[in-house]
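Q: below: sequence and its predicted model.
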Amino acid sequence: MRLLLLICVLAAGSAAANAPDTSKRPVSRPTTGALPLNLESSGAISAPERSPEAMAATVRGDVPRVSLRPQERTRAVRRVIRKHQKLRAKGAICGDPDIQGEVVGRVTSGVIGCGITQAVRVRSVSDVTLSQRAVMDCGTAQALKSWINDAAKPALSKKGGGLKGLRVAAHYACRTRNNKKGARISEHGKGRAIDISGFQLRDGSMITVLTGWTARDYGQALRDMHRGACGPFGTVLGPNADSHHRDHFHFDTARYRSGSYCR
């Protein structure tokens with residue numbers, strides 16, 4: 001037993017004697033140069049542009065079988081991201097940084113059926129600006145966000161650089177449906193509706209529902225947006241619904257047992 005202990009002590013001493021005095025400095029991985037980092041509006045790093053050779057290799061199937069090492073964010077990039085996040089959080093409403101505006105609170109009315117318990121005034125949704133700050137409840141604001149991300153942006157992605165803004169024709173207003181005397185209170189009077197008459201593109205051009213619905217260049221995109229609103233919204237009305245809606249889309253969050261009502 002003592003002999004075994006002595007052998008262990010001698011072996012440890014020998015290993016310590018042969019150990020380097022300092023650790024070796026890590027060697028950087030070989031690289032062809034740092035790629036530029038571009039930020040999306042959300043603060044995420046944009047994917048770098050791929051060369052024609054890389055695209056061709058993807059088509060052929062000649063792609064690496066392991067993931068490449070992710071690019072490291074520099075301190076400057078991290079500072080820009082933090083600043084962007086703080087600015088977004090400062091104007092966030094409905095607990096969502098993608099919905100920017102201000103809290104209004106309770107909206108009352110002398111007319112029975114009108115008013116909003118917890119209203120907000122929305123100025124932009126998912127970086128899409130509203131032409132006027134629209135008053136609504138958070139449920140309607142969230143539905144608007146879903147529609148913008150899942151329907152409006154994809155439908156206009158190849159038109160004029162994409163969607164930049166919405167032309168709001170109407171939002172909260174205490175009135176009856178289609179302003180008819182004796183009719184029921186409109187969902188506009190409950191903060192659950194928004195009317196949209198046009199779409200501003202990033203190149204500065206404007207698509208209107210009135211002229212674009214039957215236009216060769218924009219008709220399909222408008223129909224895709226109209227169809228995509230069915231689900232996020234309970235009521236979706238457009239030019240084919242009636243003469244009251246020939247120049248705008250009406251969206252509201254009223255719910256029906258039979259599902260969304262879309263015309």
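A: Here it is on my side, so go on.
Q: the helices in the stretch 1-150 of the chain, which residues?
A: Secondary structure of the stretch 1-150 of the chain (DSSP state H, counting those that start in this stretch): helices at 2-18, 52-60, 75-90, 138-147.
Q: ok, residues contacting the strand ranked longest in the chain?
A: For the chain, the strand with the greatest residue count under DSSP state E is strand 96-107. By C-beta atoms under 8 Å, 6 or more residues apart in numbering, the residues outside strand 96-107 that reach it are 85, 88-89, 91-93, 115-127, 133, 135, 141-142, 145, 172, 191. For every residue, glycine as well, the C-beta is placed using N, CA and C.
Q: how about 6 Å then?
A: Contacting residues not belonging to strand 96-107 are listed as 88-89, 91, 93, 115-116, 119-126, 141, 145 [C-beta atoms under 6 Å, 6 or more residues apart in numbering].
Q: buried residues in it?
A: 97-101, 104, 107 (16 or more other C-beta atoms under 10 Å).
Q: what's the answer for stretch 220-227, then?
A: 221-223, 225-226.
Q: what's the answer for stretch 254-263, then?
A: Buried, per 16+ other C-beta under 10 Å, within stretch 254-263: 261-262.
Q: now render the buried residues of stretch 220-227 as TSV, adding distance to residue 81 and pLDDT.
A: Listed next are those as TSV, based on distance: C-beta to C-beta, whole Å; pLDDT from 0 to 100:
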residue	distance to residue 81	pLDDT
221	33	98
222	36	98
223	38	98
225	31	98
226	36	98
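Q: mind checking which of the residues you listed are in helices?
A: Among the buried residues of stretch 220-227, DSSP state H puts 221-223, 225-226 in helices.
Q: now those residues in a markdown table, with distance to residue 209?
A: Below are these laid out as a markdown table (distance: C-beta to C-beta, whole Å):
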| residue | distance to residue 209 |
| --- | --- |
| 221 | 11 |
| 222 | 6 |
| 223 | 11 |
| 225 | 9 |
| 226 | 9 |
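Q: how many residues are close by residue 92?
A: 14 (other C-beta atoms under 10 Å).
Q: which of the buried residues of strand 96-107 sits closest to residue 162?
A: residue 98 (16.2 Å; C-beta to C-beta).
Q: look up how far residue 125 lies from the closest one.
A: 7 Å (C-beta to C-beta, to the nearest Å).
Q: need the residues touching each of these two.
A: What both residue 98 and residue 125 touch, as defined by C-beta under 6 Å, 6+ apart, is the set residue 145.
Q: just the terminal-to-terminal distance for stretch 129-147.
A: With C-alpha to C-alpha, to the nearest Å as the measure, stretch 129-147 spans 14 Å from end to end.
Q: what about residue 259, distance to residue 141?
A: 22 Å.
Q: from memory residue 119 sits against residue 191, does it?
A: Yes. If you go by C-beta atoms under 6 Å, residue 119 and residue 191 touch, sitting 5.5 Å apart.
Q: please say which of these two ends up with more neighbours.
A: For residue 119 versus residue 191, the count of surrounding residues by other C-beta under 10 Å is larger for residue 191: 29 against 18.
Q: what's the closest non-adjacent residue to that one?
A: Setting aside the residues directly before and after it, residue 191 is nearest to residue 116 in space (C-beta to C-beta, 6 or more residues apart in numbering), at 3.5 Å.
Q: now residue 145
A: In this structure, residue 145 finds its nearest non-sequential neighbour in residue 125, 5.0 Å apart by C-beta to C-beta, 6+ apart.
Q: how many neighbouring residues does that neighbour have?
A: Neighbour number of residue 125 under other C-beta under 10 Å is 24.
Q: backbone dihedrals for the nearest residue to residue 184 once chain neighbours are set aside, please?
A: Among residues not flanking residue 184 along the chain, residue 177 sits closest, at 5.6 Å (C-beta to C-beta, 6+ apart). With angles defined as degrees, to the nearest 10, residue 177 sits at phi -60, psi 130.
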